[in-house]
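Trainee: Quick one, structure for this:
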Amino acid sequence: MTNRLHVRFSRENLTCGGRWQRDGVSLGECGPSSGRGTVGSMKPRITVITLAVRDLDRSVGFYRDGLGWDTPGIIGQEVENGAVAFFPLPGGLILALWPQEFLAADAHVPLGDQNTQTRFTLGHNVNSREEVDAVLAAATAAGATIVDPARDRLWGGYSGYFADPDGHLWDVVWNPEFPVAE
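Mentor: This next block holds a predicted model:
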């Protein structure tokens, strides 16, 4: 029988004070001295997970009525490709449901089948247009591909999309209605 080390990480026992530590044991460098997390980089934060759905009404019913999740319902129907439903989650995370064809149009990527990058996006909200531009620049420098440059959106915000090296879409967003706590 071999010994296995099982390590549990949580916010309480994983800290960064120049070096990652778990319960006082060093796990490597972190923070500004590591070269990561420098000015102009993308902060390690996911604020919105957007699931691209085939039938928005059915999907809202599933999460709201079937699972009991709270939502203000479908909003944005007055804007082209704007119909979306938001479900606030604990810790400030938001689940968004958006029709797949709307996500593809907004990100300027082809509408694909169920196994393509238009199935979901990872949302990274920031507090200004300038931060959107800075994050997109940092992502590009890190090897991302800009699939839709930052621009004003019909819903009143400013955002751009990049694809990571595996093609996963990130939506970098300044939304005046969703300020981000730093």
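Trainee: Which stretches in the protein count as strands?
Mentor: 14-16, 19-22, 25-29, 48-53, 74-75, 84-88, 94-99, 120-126, 145-152, 158-163, 169-174 (DSSP state E).
Trainee: pull the helix or strand with minimum mean pLDDT from the protein.
Mentor: strand 14-16 (a mean of 46; mean pLDDT, DSSP states H and E).
Trainee: Apart from its chain neighbours, what residue comes closest to the residue sitting nearest the centre point of the chain?
Mentor: Centroid-nearest residue in the chain: Gly123, 2.1 Å away (criterion: Cα atoms, centre = their mean). Distances taken as Cβ to Cβ, 6 or more residues apart in numbering place Val48 nearest to Gly123, at 2.8 Å, with adjacent residues excluded. All C-beta atoms are positioned from the backbone trio N, CA, C, and that covers glycine.
Trainee: Format the strands of the chain as TSV; extra columns: distance to Leu67.
Mentor: Formatted as TSV, those follow (distance: least, Cβ to Cβ, whole Å):
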stretch	distance to Leu67
strand 14-16	30
strand 19-22	34
strand 25-29	36
strand 48-53	13
strand 74-75	16
strand 84-88	9
strand 94-99	11
strand 120-126	17
strand 145-152	31
strand 158-163	28
strand 169-174	24
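Trainee: Out of those, which gets nearest to Pro110?
Mentor: strand 145-152 (10.4 Å; Cβ to Cβ).
Trainee: And the closest one, what does it pack against?
Mentor: Secondary-structure packing of strand 145-152 (3 or more Cβ pairs under 8 Å, 6 or more residues apart in numbering; DSSP states H and E): helix 100-107, helix 129-141, strand 158-163.
Trainee: which of these sits most buried?
Mentor: strand 158-163 (a mean of 23; mean count of other Cβ atoms under 10 Å).
Trainee: distance between it and the chain's centre?
Mentor: Centroid displacement of strand 158-163 relative to its chain, using Cα atoms, centre = their mean, to the nearest Å, is 10 Å.
Trainee: So which elements touch it?
Mentor: helix 129-141, strand 145-152, strand 169-174.
Trainee: and the angle for it with strand 169-174?
Mentor: On the basis of axes from the mean of the first three to the mean of the last three Cα atoms, to 10 degrees, strand 158-163 is oriented at 160 degrees to strand 169-174.
Trainee: Need the contact partners of strand 158-163.
Mentor: Residues outside strand 158-163 that contact it (Cβ atoms under 8 Å, 6 or more residues apart in numbering) are 106-109, 117, 121, 129, 132, 136, 139-140, 144-153, 169-175.
Trainee: do stretch 59-70 as well
Mentor: Contacts of stretch 59-70 (Cβ under 8 Å, 6+ apart): Leu51, Val53, Thr71, Gly73, Ile74, Ala85, Phe87, Pro88, Leu95, Leu97.
Trainee: Brilliant, that's me finished.
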